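Chemist: Sharing a sequence plus its predicted fold:
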Amino acid sequence: MTLIATQSLTKTYGGRVTALSDLTVTVEPGIVGLVGANGAGKSTFIKIMLGLLEPTSGQVRVLDLDPTTQAEQVRARVGYMPEHESLPPDLSAAEFVTHLGRISGLPRTIARERASEALRHVGLYEERYRQIGGYSTGMKQRVKLAQALVHDPDLLLLDEPTNGLDPAGRDAMLNLIQRIGTEFGISVLVCSHLLGEVERICDSLIAIDGGRLLRADNISAMTGATDVLTIEVSEGVDELAARLAADRLPVRREGRLLLVPVESDRTYDLIMTAVAELELPLHRLDQRRHRVAELFAQRETTSANA
Ligand SMILES: Nc1ncnc2c1ncn2[C@@H]1O[C@H](COP(=O)(O)OP(=O)(O)OP(=O)(O)O)[C@@H](O)[C@H]1O
């Protein structure tokens with residue numbers, strides 16, 4: 001089953017602001033990152049997937065359902081954690097999450113049980129009867145996550161789930177999201193402007209910029225090997241660079257590393273011979289991998305040249 005599929009999805013606000021432009025993407029189940037700078041169109045995309053906003057044109061399908069005509073069925077199977085906090089301070093987490101379970105159509109007893117279970121999953125079981133107003137930011141984020149889980153969805157849409165958290169809180173939230181995706185088998189779409197955190201926990205990534213698709217792919221494909229060799233020696237970097245240049249290899253220095261494009265079968269042998277003859281301690285010789293951040297760097301170079 002395809003998790004999310006869009007075809008030329010476009011959304012303009014008031015005919016002037018284009019939040020999504022001709023977005024065509026297909027996403028398979030798993031933990032998926034949706035990354036882009038602030039204003040890239042991430043929240044708009046989420047709201048369209050939930051059937052809260054109508055696209056201006058194009059098609060969208062979520063879990064093989066059409067949110068523009070089957071919004072209720074979509075919401076029954078999708079949990080949503082909004083970006084901003086709108087929790088009632090004078091309710092306990094147990095009351096609040098139970099209430100949202102009831103709104104999702106669960107009978108009272110089941111809603112109460114499911115709320116306790118969801119609060120246990122997010123690590124708030126012990127504190128569930130305390131008023132939300134006294135919770136830390138990290139605990140409030142967990143309540144938002146628990147309410148998204150209460151009706152046992154097949155897909156979670158998380159809008160900036162680490163917002164406002166300190167580094168330890170971010171780590172804890174990312175680990176929790178990863179556990180939900182792997183242990184409970186729920187697909188998760190994590191929306192973030194922070195590439196590094198999404199890259200850490202996701203199987204695949206959708207990168208958008210100004211409402212347009214930059215790239216959608218598996219993380220492993222985006223971080224695949226390049227045809228550049230990375231060499232690291234603990235001493236004699238200059239010496240080795242000079243020797244490789246004398247061997248007519250197009251060597252480039254990057255900090256403590258030397259980078260050499262593989263131009264022929266001889267490249268690897270020339271490097272190994274040079275290292276051996278100069279008697280240098282070799283730490284590392286491997287193929288450099290692409291980094292996901294290059295995606296946005298390329299876009300910046302392109303727009304700077306435009
Ligand atoms: N209701 C609205 N009316 C007019 N313009 C809007 C509206 N909502 C969003 N926009 C604009 O649409 C564009 C995309 O916004 P959106 O909130 O989807 O981006 P985002 O990637 O989620 O950013 P952020 O992380 O800052 O929320 C922005 O230029 C934003 O100003």
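Modeler: That came through fine.

Chemist: what residue ranges in this structure score low on pLDDT?
Modeler: 297-306 (pLDDT under 70).

Chemist: In terms of residue numbering, what are the domains of it?
Modeler: Segmentation of the chain into domains, based on the TED database, reads 4-222, 226-289.

Chemist: now the ones you listed as TSV including distance to the ligand?
Modeler: Glycine gets a C-beta too; all of them are placed from N, C-alpha and C. Below are the domains of the chain laid out as TSV (distance: least, C-beta to the nearest ligand atom, whole Å):
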stretch	distance to the ligand
domain 4-222	3
domain 226-289	28
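
Chemist: Please enumerate the helices of the stretch 51-200 of the chain.
Modeler: For the stretch 51-200 of the chain, the helices defined by DSSP state H, counting those that start in this stretch cover 71-77, 93-103, 108-121, 137-149, 167-183, 195-201.

Chemist: Tabulate those (JSON lines), appending mean neighbour count.
Modeler: Putting the helices of the stretch 51-200 of the chain into JSON lines (neighbours: other C-beta atoms under 10 Å) gives the following:
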{"stretch": "helix 71-77", "mean neighbour count": "16"}
{"stretch": "helix 93-103", "mean neighbour count": "21"}
{"stretch": "helix 108-121", "mean neighbour count": "18"}
{"stretch": "helix 137-149", "mean neighbour count": "23"}
{"stretch": "helix 167-183", "mean neighbour count": "16"}
{"stretch": "helix 195-201", "mean neighbour count": "18"}
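
Chemist: Which one, of those helices, ends up nearest to Leu155?
Modeler: Within those, the stretch nearest Leu155 is helix 71-77; the backing value is 6.6 Å (C-beta to C-beta).

Chemist: In PDB, could you pull the C-alpha coordinates for that closest one?
Modeler: Extracted C-alpha coordinates of helix 71-77, given in PDB (Å, rounded to 0.1, in the frame of the first residue of the first chain):
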ATOM      1  CA  ALA A  71     -11.800  13.300   5.300                       C
ATOM      2  CA  GLU A  72     -13.500  11.400   8.100                       C
ATOM      3  CA  GLN A  73     -12.100   8.100   7.000                       C
ATOM      4  CA  VAL A  74      -8.700   9.700   6.800                       C
ATOM      5  CA  ARG A  75      -8.900  11.200  10.300                       C
ATOM      6  CA  ALA A  76     -10.000   7.800  11.700                       C
ATOM      7  CA  ARG A  77      -6.800   6.300  10.500                       C
END
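
Chemist: my guess is Ile186 contacts Leu155, does it?
Modeler: Yes: counting by C-beta atoms under 8 Å, Ile186 touches Leu155, with 6.9 Å between them.

Chemist: Which neighbours do the two have in common?
Modeler: Gly79 (C-beta atoms under 8 Å, 6 or more residues apart in numbering).

Chemist: circling back: find the one among the domains of the chain with the highest mean neighbour count.
Modeler: Among these, ranked by average contacts under mean count of other C-beta atoms under 10 Å, first place goes to domain 4-222 (a mean of 18).

Chemist: And the helix or strand that contains Ala276, what does it pack against?
Modeler: In the assignment (DSSP states H and E), Ala276 maps to helix 266-278. Packing partners of helix 266-278 (3 or more C-beta pairs under 8 Å, 6 or more residues apart in numbering; DSSP states H and E): strand 225-233, helix 237-246, strand 257-261, strand 282-289.
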